[in-house]
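1. next one to model:
(one chain, ligands or ions: 2)
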Amino acid sequence: MESLSNRMTTLNSMSTAAQTAPSNAAKSAVDMHSLMAPVAHEMNLVEEWLTTNLIDDSPFVSELLKQIFQAGGKRIRPLVTLLASSASLCDPTIDVAHSKLSRLHIILAVLTELIHSASLVHDDVIDASSSRRGQETVNKKFNDKLAVLLGDLLFAQASICLARIMNPVVVGIYGQVLGDLCSGEISQMRGQFSTVVDWDAYFQKSINKTASLIAAGSHSGAILNARPDNVVNALKDYGVKLGLCFQIVDDVLDITGTEKATGKTVGSDLKNGLITAPALHILEAGGAPGQTLAKLIKDRSVQSDEGIAEALELIRSNGGVEAAMALAGRFGQEGKDALNVLPESEAKTAMIGLVDYVLIRSS
Ligand code: FPP
Ligand code: MG
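-> Ligands and ions are numbered 1, 2, ... in the order given. Purely as a prediction, here's the structure:
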């Protein structure tokens, strides 16, 4: 299956943009409430759909669905989908039919969150995770079999949404995403406990498992709005770069975050043998810290409480977090730059602010 990365500009062309972290002014301007403002009404409809409209014949299943969505989540994917759809609307004097957000954009945002949630329910089985969004995972509360089936049920709900959109190009994009998610997970699994420094493999895996879905949301609205290729491609590029930025910050939060803020167990990536961006930096730099970290990973010491504490401290005290954040900042800047082709709008401004939000998020 052709992966998303094969269709995007190569990562080797990453610019060396100076911006690595949002300025203080940007930080104070970034709050989720203001980022949602341009699409607040539509975000409420998405929320209503997810928390009250998802019902199943079985009251037990309906209750589980309700619990999954009422536990919250940042809703970044539906937000990106709606903001990008809004930023790519047509000028009403040129094309009135595509000048307003419609029911189709809401469904697009819902389906993007449904696929995300379904993949997390499956991911928690794969990672044997016990907490998500501050509550017990389905696999922990019940068992793996039930979690797999519930994830499948969410994918089925997403397929129904996709059918309602009735656009074959969008069906193809989301079909590709499902394949990308699985490929990303498979390559991550195959790289477990490997200490070989392979940035290309890391980027490819991150594009597949994280950026692909965000990018689908960011450019499908423009397709529904009948926008030209340069606009569609720019929005796809924004989504890929935002997704990479998001994944790297996620990697960092696994090292610097708190369980209270992230709703996840700190250090679980490394405990599971996943070599994330901060760890890759330390391994790449070599020397005593790199060698010690490699040994802790290879002999599986990271699976013990003492081993993981030592590994996390090594990464924190040798600049792994700062290097990863600088990388996230560069991708973030490239995502912002991709939006240059779009006319100014409140939605475009919010998309730029969303990059800063992702860079400073703590959960
Ligand atoms: C979170 O990763 C997981 C994902 C972003 C995607 C997982 C995808 C799958 C399990 C495949 C989905 C299946 C189908 C049928 C499409 P993480 O473990 O790094 O993040 P976490 O810390 O939030 O758990
Ligand atoms: Mg996981």
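2. so where is this structure shaky, pLDDT-wise?
-> Applying pLDDT under 70 to the chain picks out residues 1-29, 263-264.
3. strands of that one, residue ranges please.
-> Using DSSP state E, the strands of the chain run over 131-132, 135-136.
4. so which of those gets nearest ligand 2?
-> Ligand 2 lies closest, by Cβ to the ion, to one member of these: strand 131-132, at 8.2 Å. To be clear about C-beta, it is placed using only N, CA and C from the backbone, and glycine gets the same treatment.
5. wait, residue 139 sits on residue 127?
-> No: here residue 139 lies out of contact with residue 127, judged by Cβ atoms under 8 Å, at a distance of 9.3 Å.
6. ok, now which ones touch residue 154?
-> With contact taken as Cβ atoms under 8 Å, 6 or more residues apart in numbering, residue 154 is in contact with 65, 114, 115, 117, 118, 121.
7. Throw the residues you listed into JSON lines and include neighbour count, thanks.
-> Output for the contacts of residue 154, formatted as JSON lines (neighbours: other Cβ atoms under 10 Å):
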{"residue": "65", "neighbour count": "22"}
{"residue": "114", "neighbour count": "27"}
{"residue": "115", "neighbour count": "25"}
{"residue": "117", "neighbour count": "26"}
{"residue": "118", "neighbour count": "22"}
{"residue": "121", "neighbour count": "24"}
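8. now the residues you listed in JSON lines, with distance to ligand 2?
-> Shown next, in JSON lines, are the contacts of residue 154 (distance: Cβ to the ion, whole Å):
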{"residue": "65", "distance to ligand 2": "20"}
{"residue": "114", "distance to ligand 2": "18"}
{"residue": "115", "distance to ligand 2": "16"}
{"residue": "117", "distance to ligand 2": "13"}
{"residue": "118", "distance to ligand 2": "14"}
{"residue": "121", "distance to ligand 2": "11"}
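9. which two in these are spaced the farthest apart?
-> The span of these, defined through Cβ to Cβ, is set by 65 and 115 at 14.4 Å.
10. as a quick check, tell me the outermost residue of this structure.
-> Going by Cα atoms, centre = their mean, the residue of the chain most distant from its centre is residue 93, 35.6 Å out.
11. quick check: that residue vs residue 86, distance?
-> Going from residue 93 to residue 86 by Cβ to Cβ, to the nearest Å gives 18 Å.
12. thinking residue 232 is in contact with residue 216, fair?
-> No: judged on Cβ under 8 Å, residue 232 makes no contact with residue 216 at a distance of 11.6 Å.
13. more neighbours, those two?
-> More crowded of residue 232 and residue 216, by other Cβ atoms under 10 Å: residue 216, with 28 against 20.
14. dump the residue contacts of that one.
-> So residue 216 contacts 112, 173, 174, 176, 177, 239 (Cβ under 8 Å, 6+ apart).
15. cool, residue 86 as well?
-> Per Cβ under 8 Å, 6+ apart, neighbours of residue 86: 38, 39, 101, 105, 221, 345, 346, 347.
16. now those in CSV, with neighbour count?
-> Formatted as CSV, those follow (neighbours: other Cβ under 10 Å):
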residue, neighbour count
38, 22
39, 27
101, 22
105, 26
221, 28
345, 15
346, 14
347, 21
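17. now, which of these lie within helices?
-> Within the contacts of residue 86, residues falling in helices by DSSP state H are 105, 221, 346, 347.
18. which residues does the closest residue to residue 361 other than its chain neighbours contact?
-> Closest residue in space to residue 361, ignoring its immediate chain neighbours: residue 249 at 6.4 Å, by Cβ to Cβ, 6 or more residues apart in numbering. Neighbouring residues of residue 249 by Cβ under 8 Å, 6+ apart: 325, 328, 358, 359, 361.
19. all helices of the stretch 51-200 of the chain, in order?
-> 59-70, 76-87, 103-126, 138-141, 144-165, 168-190, 199-206 (DSSP state H, counting those that start in this stretch).
20. and the second one, does that touch ligand 1?
-> The reference is to helix 76-87. No: using Cβ under 6 Å from any ligand atom, helix 76-87 stays clear of ligand 1, with a minimum separation of 10.5 Å.
21. report the inter-axis angle for that helix versus helix 103-126.
-> Helix 76-87 and helix 103-126 meet at an angle of 160 degrees, taking axes from the mean of the first three to the mean of the last three Cα atoms, to 10 degrees as the criterion.
22. from the chain's centroid, how far away is helix 76-87?
-> 13 Å (Cα atoms, centre = their mean, to the nearest Å).
23. in that helix, what counts as buried?
-> By 16 or more other Cβ atoms under 10 Å, the buried positions in helix 76-87 come out as 76, 77, 78, 79, 80, 81, 82, 83, 84, 85, 86, 87.
24. wait, doesn't the second one sit right on residue 116?
-> Same thing as residue 77. Yes: judged on Cβ under 8 Å, residue 77 makes contact with residue 116 at a distance of 5.2 Å.
25. now for the two: what residues contact both?
-> Contacts common to residue 77 and residue 116, judged by Cβ under 8 Å, 6+ apart, are residue 213.
26. ends of stretch 129-138, what's the gap?
-> Chord length of stretch 129-138, first to last residue, is 9 Å (Cα to Cα, to the nearest Å).
27. report the buried residues of it.
-> Buried, per 16+ other Cβ under 10 Å, within stretch 129-138: 129, 131, 132, 133, 137, 138.
28. likewise stretch 315-325?
-> Neighbour-count burial for stretch 315-325 flags 315, 318, 320, 321, 323, 324, 325 (criterion: 16+ other Cβ under 10 Å).
29. got the contact list for the third one?
-> To tie it back to what came earlier, the one meant is residue 320. So residue 320 contacts 255, 278, 279, 281, 282, 314 (Cβ under 8 Å, 6+ apart).
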